[in-house]
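Asker: Provide a 3D model corresponding to the input given below.
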Amino acid sequence: MQTTANSIAIGEKQLNHKIIMGTDESKAQWANPALKAPYDFKPKLDHDVIVTNTNQANAESSLGKSMEMVQIKDDPICSSAGCTQYEHPKKKGYPMDYFVPNFGQDKEIGTTDSSLAIAEKQLKHKFTISDAPKSDKKDYFVPNFGVDKDIADSKNSLEQSQESIGHTWTPTQDVNGYWNVPAPFANDSYNYHNRDVFVQLDQ
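Answerer: Presented below is the predicted three-dimensional model:
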């Protein structure tokens with residue numbers, strides 16, 4: 001944790017940018033606007049449904065009979081409330097404290113004990129299982145070896161790239177809170193319509 005905090009401090013100093021997370025301002029900045037979109041949970045009936053209902057009513061009126069729905073297939077999958085229509089009837093209780101016969105030691109347990117006794121006799125050593133330690137060590141010294149080599153290499157590569165192209169990369173997030181990742185070419189040819197996008201590519 002200390003190494004990560006040191007790396008963040010170094011990055012903030014190099015980029016002259018303070019990373020802020022978990023505050024009301026940052027949450028408001030990266031909030032997902034889709035969560036506030038109004039949804040119509042009681043939309044108007046589809047035109048085809050209205051026509052079907054009208055035709056059914058006209059047919060029932062002309063024939064003098066009311067159509068009754070008959071289920072000829074299984075019920076559809078359970079709703080979000082669960083499979084409540086197929087619940088087992090609740091029982092008052094289950095048998096308890098009933099007699100269980102003792103058939104003696106399991107054969108495999110006896111074979112294992114016999115094999116252990118033979119091995120102890122051959123090796124002249126008594127196999128003893130020790131108890132687990134009461135607790136693990138706590139508050140012990142952890143050396144600080146500095147920034148991880150991979151992180152240092154990545155930072156060095158970033159600095160060289162920024163210097164060679166004369167551009168400072170500033171990480172940004174999209175409206176959904178996902179980080180925009182640099183790509184080797186523009187993303188104009190990508191089409192994100194009608195599907196989920198988890199990573200936004202950008203130059």
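Asker: What are the boundaries of the strands in the chain?
Answerer: Applying DSSP state E to the chain gives strands spanning 180-182, 200-202.
Asker: quick one: contacts of stretch 147-158?
Answerer: When contacts are defined by CB atoms under 8 Å, 6 or more residues apart in numbering, stretch 147-158 is touched by residues Thr3, Asn6, Ser7, Ile10, Gly11, Gln14, Trp169. Where you see a C-beta, it was placed from the backbone N, CA and C, and this is true even at glycine.
Asker: what separates the fifth one from Glu159, distance-wise?
Answerer: Computed with CB to CB, to the nearest Å, the distance linking Gly11 and Glu159 is 11 Å.
Asker: Pick out whichever of these two has more residues nearby.
Answerer: Each of Gly11 and Glu159 has its neighbours counted (other CB atoms under 10 Å); Gly11 has more, 15 against 12.
Asker: give the contact list for that one.
Answerer: Ile19, Lys155 are the contacts of Gly11 under CB under 8 Å, 6+ apart.
Asker: Tell me, what's the model's pLDDT at it?
Answerer: Note for Gly11: predicted pLDDT of 87.
Asker: just to revisit the earlier point, worst mean pLDDT among the strands of the chain?
Answerer: Lowest mean pLDDT of these: strand 200-202, a mean of 46.
Asker: So, low pLDDT: which residues of the protein?
Answerer: By pLDDT under 70, the weakly predicted segments of the chain are 70-86, 88, 182-203.
Asker: What are the boundaries of the helices in it?
Answerer: In the chain, the helices defined using DSSP state H lie at 2-15, 24-29, 47-63, 107-123, 149-165.
Asker: Just give me how far the second one sits from the chain centre.
Answerer: Put plainly, it is helix 24-29. Distance, stretch centre to chain centre, for helix 24-29: 23 Å (CA atoms, centre = their mean, to the nearest Å).
Asker: How about the first one?
Answerer: If you compare the mean C-alpha spot of helix 2-15 with that of the full chain, they lie 29 Å apart, counting by CA atoms, centre = their mean.
Asker: what's the answer for the fourth one, then?
Answerer: When distances are taken as CA atoms, centre = their mean, helix 107-123 is centred 47 Å away from the chain's centroid.
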